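Novice: Sequence and predicted model, in that order:
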Amino acid sequence: MAIQVLMPALSPTMEEGTLAKWLVKEGDEVKSGQVLAEIETDKATMEFEAVDEGVIGKILIAEGSAGVKVNTPIAVLLEEGEDASAAAAAPAPKAEAAAPAAPAAAAAAATPAPAAPVASGGARVFASPLARRIAAEKGLDLTSVKGSGPHGRIVKADVEGATAAPKAAAPAPAATPAPAAAAAPAPAAPSADAIKKIYADRAYEEMPLDGMRRTIAARLTEAKQTIPHFYLRREVQLDTLMAFREQINKSLEGRGVKLSVNDFIIKACALALQQVPDCNAVWAGDRVLKMKPSDVAVAVAIEGGLFTPVLKDADKKSLSALSAEMKDLAARAKSKKLAPHEYQGGSFAISNLGMMGVENFDAVINPPQASILAVGAGVKKPVVNKAGEVVVATMMSMTLSVDHRVIDGALGAAFLKAIIENLENPMTMLA
């Protein structure tokens, strides 16, 4: 029976994508694991691999098509012995995964969607349509089968040699709980048409949101509505760091290495996560995950949005290694060539607008991370030194945005203090 190939969800936030390029054509024979197409997600351009074997009977979505929803059929795969006429009769696929989660506030007000197919134990099963059909014919419970396809997906080869186990008796249905009182619906935001009417007599250009912009809007709305932010502000004196940076850069000229102030900030924060380990944590819904490594995310501005690539084990890397890795991640972020594992995760983030002249600002936490450091520009100003003298010093503002569910005020203050001490004593970061 012909199999419909669906638009995959290649990242946790992907709702739709652009089918940038087909790497196969109708009539081509494909094998499991073979790359079929290049797909642009809300974050990057990624390769899409075949899960089943067969022949491309029909391509349903032309390359270059934008706004293709996840789980939309994009091609038809014919099994051995089938001809092109079977492509038209391919069955509509069963949904295998729930749609990406909406922001928390919207989810609370919306009517619950039907659940994705799950196994008898309650865990979602990821299997190809062909594997599901073979399993159904053999009376096979898919939860007992280990998948060998991409991300553990169950494919044809996994179920062909498996045998069905005796089915356990179905558990007695649980008592239906009394319905909870309905919460008052949140006030609806004005529609696009209502907003446009306000500006009907003014000239404007309408800019549709692309996938990245929609994702940023949803994530930041979720963050500000669900995370109890509080803010800690301090200034750091940079003169010692600037002198040390100049000295170390001279010694590294022969290697073609030039360290930036941001490289020192990354290192200082990574070490501070180890020095105040209770701040190296993420919020996981009903618990806190206390992380062991210092995985530091750094915001990188790109056209139409931003990425936060993650420098893993940053506390263990040298300044020159961090500098080279950051340059590579930033360059690939701007060309949307980062893989999901390179911008997901991390317990902490840095957003540095100092290089753009911004002296201070508040950054929004990127869930599930528990804090983010907003870094401003270094500004020369009069300060009183330890001897009581008024001198000119280069001062830089830092604002730590903190999730109060994970980090309390005194703990956050200790973390920010550790960051500043590392920056004001840069030699200690090399010890």
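Specialist: Happy to help now that I have it.

Novice: can you list the domain ranges for this structure.
Specialist: The chain breaks down by automatic domain parsing into domains covering 3-106+118-160, 230-430.

Novice: Ala192 is nearest to which of the ones you listed?
Specialist: Nearest to Ala192, of all those, is domain 3-106+118-160, at 16.2 Å by C-beta to C-beta. (Each C-beta comes from the backbone N, C-alpha and C, glycine too.)

Novice: measure Glu40 to Lys336 for me?
Specialist: For Glu40, the distance to Lys336 equals 7 Å [C-beta to C-beta, to the nearest Å].

Novice: returning to what we had before: lowest average pLDDT across the domains of the chain?
Specialist: Lowest mean pLDDT within the domains of the chain: domain 3-106+118-160, a mean of 74.

Novice: quick one on the thing from earlier: save the domains of the chain as CSV, and put in distance to Ala203 and mean neighbour count too.
Specialist: Below are the domains of the chain laid out as CSV (distance: least, C-beta to C-beta, whole Å; neighbours: other C-beta atoms under 10 Å):
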stretch, distance to Ala203, mean neighbour count
domain 3-106+118-160, 27, 17
domain 230-430, 23, 17
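
Novice: check contacts around Lys31.
Specialist: Taking C-beta atoms under 8 Å, 6 or more residues apart in numbering, we find Lys31 in contact with Ala50, Glu53.

Novice: same thing but at 10 Å, please
Specialist: Glu49, Ala50, Asp52, Glu53, Gly54 (C-beta atoms under 10 Å, 6 or more residues apart in numbering).

Novice: I'd say the third one and Glu29 touch.
Specialist: Going back to what we said before, that points to Asp52. No. Asp52 is beyond contact range of Glu29, at 11.9 Å (criterion: C-beta atoms under 10 Å).

Novice: Give me the buried positions along the strand or helix carrying Gln225.
Specialist: In this structure, Gln225 is located in helix 211-226 according to DSSP states H and E. Neighbour-count burial for helix 211-226, counted by 16 or more other C-beta atoms under 10 Å, picks out Gly211, Met212, Arg214, Thr215, Ile216, Ala218, Thr221, Glu222, Ala223.

Novice: now the fifth one, nearest residue through space, not along the chain?
Specialist: Okay, so that is Ile216. Gly305 (5.5 Å; C-beta to C-beta, 6 or more residues apart in numbering).

Novice: Need the phi and psi values for the one you found.
Specialist: phi 170, psi -150 (degrees, to the nearest 10).

Novice: How about Trp22?
Specialist: According to degrees, to the nearest 10, Trp22 has phi -90, psi 130.

Novice: Then Met395?
Specialist: Dihedral pair for Met395: phi -110, psi 140, per degrees, to the nearest 10.

Novice: Could you do Val379 as well?
Specialist: The phi/psi pair for Val379 (degrees, to the nearest 10) reads phi -130, psi 130.

Novice: Ser191 and Ile74, how far apart?
Specialist: 31 Å.

Novice: again with Ser251
Specialist: Taking C-beta to C-beta, one finds Ser251 at 55 Å from Ile74.

Novice: what's the answer for Asp286, then?
Specialist: Using C-beta to C-beta, Asp286 is found at 37 Å from Ile74.

Novice: Would you confirm that Ala333 belongs to a strand?
Specialist: No. Going by DSSP: H, G, I helix; E, B strand; the rest coil, the assignment for Ala333 is helix, not a strand.

Novice: List the contacts of the spatially closest residue to it that is not a sequence neighbour.
Specialist: The spatially closest residue to Ala333, leaving aside those adjacent along the chain, is Phe307, at 4.0 Å (C-beta to C-beta, 6+ apart). Neighbouring residues of Phe307 by C-beta under 10 Å, 6+ apart: 43-44, 212, 297-301, 329-330, 332-334, 336, 338, 342-343.

Novice: Ramachandran coordinates for Phe307?
Specialist: phi -120, psi 160.

Novice: same thing with Ile74?
Specialist: Dihedral angles (degrees, to the nearest 10) for Ile74: phi -120, psi -20.

Novice: residues contacting it?
Specialist: Ile74 makes contacts with 4-8, 17, 19, 22, 36-37, 39, 48, 59-62, 65, 68, as judged by C-beta under 10 Å, 6+ apart.

Novice: Would you state the strands of the stretch 151-300 of the chain in chain order?
Specialist: Along the stretch 151-300 of the chain, counting by DSSP state E, counting those that start in this stretch, strands occupy 229-237, 281-283, 288-290, 296-298, 300-302.
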